[in-house]
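One predicted model, sequence on top.
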Amino acid sequence: MGGTPAETRRDGSGALKVERRVPPFWDRPILAIESSCDETSAAVVVGREVRSNIVASQIEMHQKWGGVVPEAAARAHLESIVPVIQEALSAAGLEKVSAVAVTRTPGLVGALSVGLSAAKALAIQWGVPILGVHHLEGHLMSPWGDPSLEGLPYPHLCLTISGGHSEIIQVTAPGEYRLLGETLDDAAGEAFDKGARLLGLGYPGGKAIQEAAIGGNPHRYKLPRALRDDPFHFSFSGLKTAMLRLVQVEGSALDVRDAAASLQEAIVDVIATKAMQCAERTGSSAVTLVGGVSANRALRDRLAGLCAQNGLGFVVPPFSLCTDNAGMIGLAGSMRLAMGERGDLSMDVSPGDSLPGLME
Ligand code: KG4
Ligand code: ZN
């Protein structure tokens, strides 16, 4: 990847003008496959247009166990992968594509292997290139699936908040990243999921907490905000423990609506406060919010309001591209293919490689 031209220039009057750019995208159809955790998904992406994006969720199965059981997840992917791919192709009106992009890392090894094996077989059958995609780069690229997004200034901040990640990443150029901070223990999505389990709201927890919190008092129960003075790092394990204690201490007197609202507020408050501190410290002019937790309305609204107050651009992906899906994998694949990258048929999955293009 080459260097990038200066992002800020002075206009005729001498004022600083922030330039917005769009990453390069491949202009031919790509079949994208995602199977890293508990969603089997296939999509067709052309350029940055997500033509189809089919997601078969294993949520019902994992609800029985209160979480994802890796071997059960892999076997459920085996059942769904072919119909999901067929549906994605037929919804896009195509029988074959010009490349296959597939999540290769990070994730559950057995689950990833199902998607990668299918991708290899199709790439061989069609005689087209294959490209392994990093799941996190899929989330990072998800805002580009919104056709109304005309461009972003570089560098900008990306809050990557999901069930497995809580990271603040500076996107310095398309495909180039700097990790500014991350969680020291659990991800924000885990705090939502654990909280929902404790409140008897089921799995996955984020959406359940959001719904239970409607009309609740977010200040009823005092919950901790960890690492207040550190703009770059998160810690959510203390919040999980505090929720457990709250449930134990209050017992049947606990107001589930207020508890859900208080938990959501604690998570939203921490993320939004850090994002603003971090944007100020790094001189960022725009913030994106991605990952499953970006579907949370309270978080979107809080960040949108604070960014507007502070003169920052704010971008979130469409809801269909927030939680795990192959559309976002296709967008990351489209950018990497346009940059000339290709995978090879002997590639393996990995439970946790670092993000490509990550700089020290
Ligand atoms: O990105 P994702 O689908 O999977 C990972 O890569 O981890 O994120 C899943 C996480 C789960 O923890 C789920 O509870 C959370 O995203 N989530 C939400 C919402 N929808 C999903 N959290 C808060 N509010 C939501 N509406
Ligand atoms: Zn994810």
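Arrived safely, thanks for sending. Predicted model, so just to flag it, every value in this text is computed and none were measured. Ligands and ions are numbered 1, 2, ... in the order given.

and the stretch 51-200 of the chain, which of its residues are near ligand 1?
Listed as neighbours of ligand 1 in the stretch 51-200 of the chain under the rule Cβ under 6 Å from any ligand atom: 162-164, 189, 192-193. Any C-beta I mention is one placed from the backbone N, CA and C, and that applies to glycine too.

So which of those residues is the closest to ligand 2?
The shortest approach to ligand 2 among those belongs to S162, at 4.5 Å (Cβ to the ion).

Surely the closest one touches A295?
No. The criterion here is Cβ atoms under 8 Å, and S162 misses it with A295 at 10.0 Å.

Comparing the two, which residue is more hemmed in?
S162 (25 against 20; other Cβ atoms under 10 Å).

Pull the contacting residues for the more buried one.
139, 187-189, 291-293 (Cβ atoms under 8 Å, 6 or more residues apart in numbering).

Make CSV out of the residues you listed and add secondary structure and pLDDT.
Listed next are those as CSV, based on DSSP: H, G, I helix; E, B strand; the rest coil; pLDDT from 0 to 100:
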residue, secondary structure, pLDDT
H139, helix, 98
A187, coil, 97
A188, helix, 98
G189, helix, 97
G291, coil, 97
G292, helix, 96
V293, helix, 98
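
can you pick the most crowded of those residues?
That'd be H139 among the contacts of S162, by other Cβ under 10 Å, with 31 neighbours.

Skip the chain neighbours and tell me the closest residue to that residue.
V290 (4.4 Å; Cβ to Cβ, 6 or more residues apart in numbering).

who are the neighbours in contact with the one you found?
Neighbours of V290 in contact, by Cβ under 8 Å, 6+ apart: 139-140, 142-143, 158-161, 316-317, 322.

Angles on the backbone of it, please.
phi -130, psi 170 (degrees, to the nearest 10).

Could you do R20 as well?
Dihedral angles for R20 - degrees, to the nearest 10 - are phi -100, psi 140.

Kindly report the same for D344.
Torsion angles, degrees, to the nearest 10, at D344: phi -130, psi 160.

Could you give the number of residues near it?
For D344, using other Cβ under 10 Å, the count is 10.

still on that earlier bit, may I ask which two of the residues of the stretch 51-200 of the chain next to ligand 1 are separated the most?
Pairwise distances across those peak at 12.5 Å for G164 and F192 (criterion: Cβ to Cβ).

So between the two, which is more surrounded?
Applying other Cβ under 10 Å to G164 and F192 shows that F192 carries more neighbours, namely 29 against 21.

in what helix or strand does I81 lie?
Using DSSP states H and E, I81 maps to helix 70-91.

Please export the C-alpha coordinates of that helix as CSV.
Extracted C-alpha coordinates of helix 70-91, given in CSV (Å, rounded to 0.1, in the frame of the first residue of the first chain):
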residue,chain,number,x,y,z
PRO,A,70,-17.9,-24.3,19.2
GLU,A,71,-18.5,-27.8,17.9
ALA,A,72,-22.3,-27.2,17.6
ALA,A,73,-21.6,-23.9,15.8
ALA,A,74,-19.3,-25.7,13.2
ARG,A,75,-21.9,-28.4,12.6
ALA,A,76,-24.7,-25.8,12.2
HIS,A,77,-22.5,-23.9,9.6
LEU,A,78,-22.1,-27.2,7.7
GLU,A,79,-25.9,-27.4,7.4
SER,A,80,-26.5,-23.8,6.4
ILE,A,81,-23.5,-22.9,4.2
VAL,A,82,-24.7,-24.3,0.9
PRO,A,83,-28.2,-22.9,1.0
VAL,A,84,-27.0,-19.5,2.2
ILE,A,85,-24.5,-19.2,-0.6
GLN,A,86,-27.2,-20.3,-3.2
GLU,A,87,-29.6,-17.7,-1.8
ALA,A,88,-27.0,-14.9,-1.9
LEU,A,89,-26.1,-15.7,-5.5
SER,A,90,-29.7,-16.0,-6.6
ALA,A,91,-30.8,-12.8,-4.8
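
hmm, back to that, for the contacts of V290, which one is nearest ligand 2?
Among these, and counting by Cβ to the ion, the member closest to ligand 2 is H139, at 5.6 Å.

Return the distance of that closest one relative to S346.
Distance of H139 to S346, computed by Cβ to Cβ, to the nearest Å: 27 Å.

now W26
From W26 to S346 the distance is 23 Å (Cβ to Cβ).

same thing with I124?
For I124, the distance to S346 - Cβ to Cβ - is 12 Å.

The two - which one has more neighbours?
I124 (12 against 6).

Not counting sequence-adjacent ones, nearest residue to that one?
Nearest to I124 is L345, by Cβ to Cβ, 6+ apart, at 7.0 Å.

For the one you found, grab phi and psi.
phi -70, psi -10.

pretty sure it is touching I130, no?
Yes. If you go by Cβ under 8 Å, L345 and I130 touch, sitting 6.5 Å apart.

neighbour count winner among these two?
Neighbours were counted for L345 and for I130 using other Cβ under 10 Å; I130 has more, 23 against 11.

contacting residues around the more buried one?
99-102, 119-120, 123, 342-345, 347.

Up against ligand 2, what does the stretch 101-250 of the chain have?
When proximity is defined as Cβ under 5 Å from the ion, the stretch 101-250 of the chain approaches ligand 2 at S162.

quick one, strands of the stretch 101-250 of the chain?
130-134, 152-153, 156-161, 166-173, 176-182 (DSSP state E, counting those that start in this stretch).

Now do the fourth one: which elements does it pack against?
Using 3 or more Cβ pairs under 8 Å, 6 or more residues apart in numbering; DSSP states H and E as the contact criterion, the secondary-structure elements in contact with strand 166-173 are helix 135-141, strand 156-161, strand 176-182, helix 256-282.
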